[in-house]
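In: below: sequence and its predicted model.
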Amino acid sequence: MKNGLYFHIPFCRSKCPYCDFYSIKYNEAEAEKYTDLICSEIKKYSGEFDTVYFGGGTPSIISPLFIKRIIDESKSHFEIEDNAEITVECNPSSDLSETFEIYKSAGVNRISIGMQSARNEERFALGRRAGKAEIAAAVNAAKQNGINNISLDIMLGTPKQSLDSLDETFEFIDKMQVTHISAYMLKIEKGTKFFDIKDRLELPDEDEVCEMYLKTIRSLKLLGFNQYEISNFSKPSFESRHNLKYWTLADYLGIGKTAHSLWKGRRFYYDKDMNIISDGIGGTDEERIMLGLRLNQGVDKSLIKADFRTHIKTGLMGENEKNVYLTEKGMLVSNSIISQLV
């Protein structure tokens, strides 16, 4: 397996109330300077890559010509495979037709759209500006420009959401005919606006959120999506090749503010001032268990020294001849199980 290449684009138009990722307010001049910085940083490394991923922040907020420049610089300096998966995360709050045309010319062949929900009241409660119509327009614009590998993010356990309201989101997913879904449960993190007002948020209770997750698995399966990781579902052969590198401990190089790397056996990351901070050794058996159990296929039994039989008896884990894995109910308490096994 070849390596993955990640670029962090930290700009956003405004901060979403639930988000704790590093981001700064968009400014075109600063975005151009940042592009210059990324392109100069690229020259410090060498490698072969078969995936490239732009995350954020909101990568689509900066000029698509900046994204193209970073891709061109990468292709010039690195060995980028001809059929590399090149993904850009996008926010559908503006018309992306011209953006996608430039992305396509640069080699982008996968788009990840931050949808969260197909219900406008749920999206607006999460601080998102665009409604369902804008999301549909973004999906259609990508397809019209020949980018057909499209992922939508959805969020579970959010304000104004219910088990019944999820149906509208699944109906929309079916109508859009996308290839990939990422489904995350809302977590209230320190340093976010939601944390400051958490006592006033009207959120579904824990049992209902668990039912939402199980309903998501069932509903997406009926729509032809295979769950291959705790939070990720794809049509056959459309798994995120880039994200699989994280869970299988393949090498990946992250460039940009707060970008993390597992590179040649070492973990390191850039801080907010672009200093490189060492983060120890990577690829340990403990990491293989922690990350591998996120995948539906699980991990080789020989990796786990702790007793996992109790979890099999209670239906939280399953096994086959070679591997042990989490069941759907086990995925709901994955952190607890994994902490007991490492």
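Out: Okay, I see it.

In: lowest average confidence across helices and strands of this structure, where is it?
Out: When the helices and strands of the chain are compared on mean pLDDT, DSSP states H and E, helix 193-196 comes out lowest with a mean of 86.

In: report the buried residues of the next helix-or-strand element following it.
Out: Past helix 193-196, further along toward the C-terminus, the next helix or strand under DSSP states H and E is helix 206-222. Neighbour-count burial for helix 206-222 flags 209-213, 215-216, 219-220 (criterion: 16 or more other CB atoms under 10 Å). All C-beta atoms are positioned from the backbone trio N, CA, C, and that covers glycine.

In: can you pull out the residues in contact with the next helix or strand after helix 206-222?
Out: With elements assigned by DSSP H and E, the helix or strand that comes after helix 206-222 is strand 226-229. Residues from elsewhere that reach strand 226-229 (CB atoms under 8 Å, 6 or more residues apart in numbering): 217, 220-221, 233-236, 239, 243, 247, 294-297.

In: so how far is strand 226-229 off the chain centroid?
Out: Centroid displacement of strand 226-229 relative to its chain, using CA atoms, centre = their mean, to the nearest Å, is 14 Å.

In: check stretch 264-275 too.
Out: For stretch 264-275, the distance from its own C-alpha centre to the chain's C-alpha centre is 20 Å (CA atoms, centre = their mean).

In: report the rounded mean pLDDT for that stretch.
Out: Stretch 264-275 shows a mean pLDDT of 96 in the predicted model.

In: isn't Cys90 up against Ala138?
Out: Yes - taking contacts as CB atoms under 8 Å, Cys90 lies within contact range of Ala138: 6.5 Å.

In: what touches both of the two?
Out: Counting by CB under 8 Å, 6+ apart, the residues touching both Cys90 and Ala138 are 96, 111, 113.

In: what sits up against whichever strand or helix holds the second one?
Out: Right, Ile111. When secondary structure is defined by DSSP H and E, Ile111 falls within strand 110-116. Defining contact as CB under 8 Å, 6+ apart, one finds that strand 110-116 is touched by 58, 85-92, 100, 103, 122-123, 126, 128, 135, 138-139, 142, 147, 149-155, 158, 169, 180, 182, 240.

In: pLDDT averaged over that strand - what is it?
Out: Confidence over strand 110-116, taken as the mean pLDDT, stands at 96.

In: repeat that for stretch 249-257.
Out: Computed over stretch 249-257, the mean pLDDT rounds to 97.

In: contacts for it?
Out: Identification of contacts with stretch 249-257 by CB under 8 Å, 6+ apart yields 1, 3-10, 22, 34, 38, 41-42, 45, 47, 49, 242, 244-246, 260-264, 269-274, 282-283, 287-288, 291.

In: now stretch 135-144
Out: Contacts of stretch 135-144 with the rest of the structure, by CB under 8 Å, 6+ apart, involve 90, 92, 95-97, 100, 111, 113, 115, 118, 130, 148, 150, 152, 172, 176, 178.

In: report the buried residues of that stretch.
Out: Judged by neighbour count using 16+ other CB under 10 Å, the buried positions of stretch 135-144 are 135-139, 141-143.

In: just stretch 62-78 next, same as before
Out: The neighbour-count criterion (16+ other CB under 10 Å) identifies 62, 64, 66-71, 73-75, 78 as the buried residues of stretch 62-78.

In: how much space between Leu214 and Met115?
Out: Counting by CB to CB, to the nearest Å, the gap from Leu214 to Met115 is 20 Å.

In: ignore what I typed, I meant Leu220.
Out: 14 Å.

In: do the same with Ile337
Out: Here the distance between Ile337 and Met115 works out to 29 Å (CB to CB).

In: tell me which of the two has more neighbours.
Out: Remark: of Ile337 and Met115, Met115 carries more neighbours, 29 against 18, as counted by other CB atoms under 10 Å.

In: mind checking how far the more buried one is from Trp247?
Out: Taking CB to CB, one finds Met115 at 23 Å from Trp247.

In: again, but for Ile67
Out: Counting by CB to CB, the gap from Ile67 to Trp247 is 25 Å.

In: could you do Glu98 as well?
Out: If you measure Glu98 against Trp247 using CB to CB, the figure is 35 Å.

In: burial check on Val88, number of neighbours?
Out: 27.

In: over to Phe100?
Out: For Phe100, the tally of surrounding residues (other CB under 10 Å) stands at 24.

In: could you find the closest non-adjacent residue to it?
Out: Spatial nearest neighbour of Phe100, chain neighbours left out: Asn145 (4.1 Å); criterion: CB to CB, 6 or more residues apart in numbering.

In: which residues in the stretch 51-200 of the chain form helices?
Out: Defined through DSSP state H, counting those that start in this stretch, the helices belonging to the stretch 51-200 of the chain, from first to last, are 64-77, 97-106, 120-125, 132-144, 166-176, 193-196.

In: and the residue lying closest to Glu328 once chain neighbours are set aside, what does it touch?
Out: With CB to CB, 6+ apart as the criterion, Glu328 has its nearest non-adjacent residue at 5.6 Å, and that residue is Ile217. Going by CB under 8 Å, 6+ apart, Ile217 touches 227, 233, 328.

In: what of Ile147?
Out: For Ile147, the contact set (CB under 8 Å, 6+ apart) comprises 100, 103-104, 108-111.

In: return the closest of the residues you listed with respect to Tyr18.
Out: Using CB to CB, the shortest approach to Tyr18 within the contacts of Ile147 belongs to Ile111, at 21.9 Å.
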